[in-house]
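Engineer: The following comprises the amino acid sequence and a computationally predicted model.
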Amino acid sequence: MKRVGGGTRPNVGTSIYFLLVRRVPPVLSTVLKEVFAELAGRGFRIESGIAEEMVTDDLVATHDLYVLKSHTELSLSLAGVLHLRGARLLNPYPNCALTQNKIVAAHLLRAAGVPTPAFWVTGDLMLLRDVVEDRPLIIKPYLGHRGAGLQIVRNPTQLAELPPLTGPVLVQEYVEGSREDLKIYVVGEQVFGVRKPFSSDSFTQPGRPCFVTPEVREIALRCGQVFGLGLYGLDLVESPSGPWVVDLNTFPGYKGVPNIAPLIADFVASVATGRVNLPEAALPVTPDAGESLSSRGTRPMKTTVGS
């Protein structure tokens, strides 16, 4: 574990632990370095560690706040233990678990009226022959990240050539968009946009800041409200019919967003001191809460559960 900071400012004694992901090379990102420095300068005690590089037995919550900055299954598991021990987490563990599971997240987004592509869940891809005759599909591992394991199929022949599934997947209608990725990053109520050329390693590129339309801002904030998130990002596809949310992730890298570290530090500090508390993930209380976001719709999704 690494300890950073200290000091005698008003927040001295308040401790924050960041659960990080392994990086290559093994150094902090520029954004996190600045966030740590900001928080340490305000008197917070900062520690960090990587789940895969520690040995834990009886995990006990000893810090005022734990910040989950890793998507690995081990990190999420440790976050779950801390949650059960009464720790405060950013983002909250139950909300991160729901967000990370693409099958659960797709259902929650659709139920909340967020514009998302039609989707299907099955253990036998050949059951989707009729569907792929009508529209292209994209197949995603249900716990996948950074585009790993994605497969696009455009016809029954390509579908038949795929190997048998080795784990759960989410199958979405593949929406053709522009040649650029539109990344939306959110800190509390502040929404930022970044565009970058589409590629398999685009997650490593900073991109360039862009204007966020009122429609996209509303979509982004709806996602945060439904999932109970304060630090999160969206991947959007822009089609002629409008923007579609194709992925949602917690505490992204914020690459390409200018001067973002102080804003992240502000939000982390607000949660650490109890001035901000994120709610549990939940569907909107009114049935028509999502109408303004889902009015564009998509082709109907047929769902069959059971036999």
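Structural biologist: Cool, the structure landed.

Engineer: So which residues of the stretch 201-307 of the chain form helices?
Structural biologist: Per DSSP state H, counting those that start in this stretch, the stretch 201-307 of the chain carries helices over the ranges 214-227, 261-272, 291-294.

Engineer: Please identify which of these is closest to Val131.
Structural biologist: Of all the helices of the stretch 201-307 of the chain, helix 291-294 sits nearest to Val131, with 20.8 Å by Cβ to Cβ. From N, CA and C alone the C-beta is placed, and that goes for glycine too.

Engineer: Could you tell me which ranges of this structure sit under the pLDDT cut-off?
Structural biologist: The model of the chain has pLDDT under 70 over residues 1-10, 146-147, 198-204, 285-307.

Engineer: Give me the most central residue, it.
Structural biologist: Asn249 (0.7 Å; Cα atoms, centre = their mean).

Engineer: Confirm for me that it is in contact with Leu68.
Structural biologist: No. The criterion here is Cβ atoms under 8 Å, and Asn249 misses it with Leu68 at 11.5 Å.

Engineer: Mean neighbour count and distance to Gln158 added to the helices of the stretch 201-307 of the chain, as a markdown table?
Structural biologist: Converted to a markdown table, these look like this (neighbours: other Cβ atoms under 10 Å; distance: least, Cβ to Cβ, whole Å):
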| stretch | mean neighbour count | distance to Gln158 |
| --- | --- | --- |
| helix 214-227 | 20 | 31 |
| helix 261-272 | 20 | 42 |
| helix 291-294 | 16 | 30 |
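
Engineer: Indicate which one of these is closest to Val132.
Structural biologist: Per Cβ to Cβ, nearest to Val132 of the helices of the stretch 201-307 of the chain: helix 291-294, 24.2 Å.

Engineer: gap between the two ends of stretch 43-57?
Structural biologist: 30 Å (Cα to Cα, to the nearest Å).

Engineer: thinking again about what came up before, can you put the helices of the stretch 201-307 of the chain in JSON lines and add distance to Glu47?
Structural biologist: As requested, the helices of the stretch 201-307 of the chain are exported to JSON lines (distance: least, Cβ to Cβ, whole Å):
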{"stretch": "helix 214-227", "distance to Glu47": "27"}
{"stretch": "helix 261-272", "distance to Glu47": "13"}
{"stretch": "helix 291-294", "distance to Glu47": "39"}
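
Engineer: Quick one, which of those helices gets closest to Asp134.
Structural biologist: helix 291-294 (21.0 Å).

Engineer: picking that back up, tell me the bridge partners for the residue nearest to the centre of the chain.
Structural biologist: Gly233 (DSSP bridges).

Engineer: For it, give me its contacts.
Structural biologist: Going by Cβ atoms under 8 Å, 6 or more residues apart in numbering, Asn249 touches 71, 99-100, 145, 232-235.

Engineer: the domain parsing of the protein - what is it?
Structural biologist: 2-99, 119-173 (automatic domain parsing).

Engineer: Just say which of those domains is most tucked in.
Structural biologist: Of the domains of the chain, the one with the most neighbours on average (mean count of other Cβ atoms under 10 Å) is domain 2-99, at a mean of 17.

Engineer: roughly how far out does that domain sit from the chain middle?
Structural biologist: Chain-centre distance of domain 2-99: 17 Å, with Cα atoms, centre = their mean, to the nearest Å.

Engineer: Repeat that for stretch 259-276.
Structural biologist: Worked out by Cα atoms, centre = their mean, stretch 259-276 lies 18 Å from the chain centre.

Engineer: How about residues contacting it?
Structural biologist: 11, 14, 16, 31, 34-35, 37-39, 42, 44, 64-65, 67, 88, 90, 185, 187-188, 190, 192, 230-231, 254, 277-278.

Engineer: Restricting to C-alpha, output it in CSV.
Structural biologist: Backbone C-alpha positions of stretch 259-276 (Å, rounded to 0.1, in the frame of the first residue of the first chain) are rendered in CSV as follows:
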residue,chain,number,x,y,z
ASN,A,259,-8.7,20.5,-15.8
ILE,A,260,-10.8,17.6,-14.6
ALA,A,261,-8.7,16.6,-11.5
PRO,A,262,-9.9,19.4,-9.2
LEU,A,263,-13.5,18.7,-10.0
ILE,A,264,-13.0,15.0,-9.3
ALA,A,265,-11.2,15.9,-6.0
ASP,A,266,-14.1,18.2,-5.1
PHE,A,267,-16.6,15.4,-5.6
VAL,A,268,-14.5,12.8,-3.7
ALA,A,269,-14.1,15.2,-0.8
SER,A,270,-17.8,15.9,-0.7
VAL,A,271,-18.6,12.2,-0.4
ALA,A,272,-15.7,11.6,2.1
THR,A,273,-17.0,14.3,4.4
GLY,A,274,-20.7,13.2,4.1
ARG,A,275,-21.9,16.3,2.2
VAL,A,276,-22.9,14.1,-0.7
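
Engineer: Brilliant, that's me finished.
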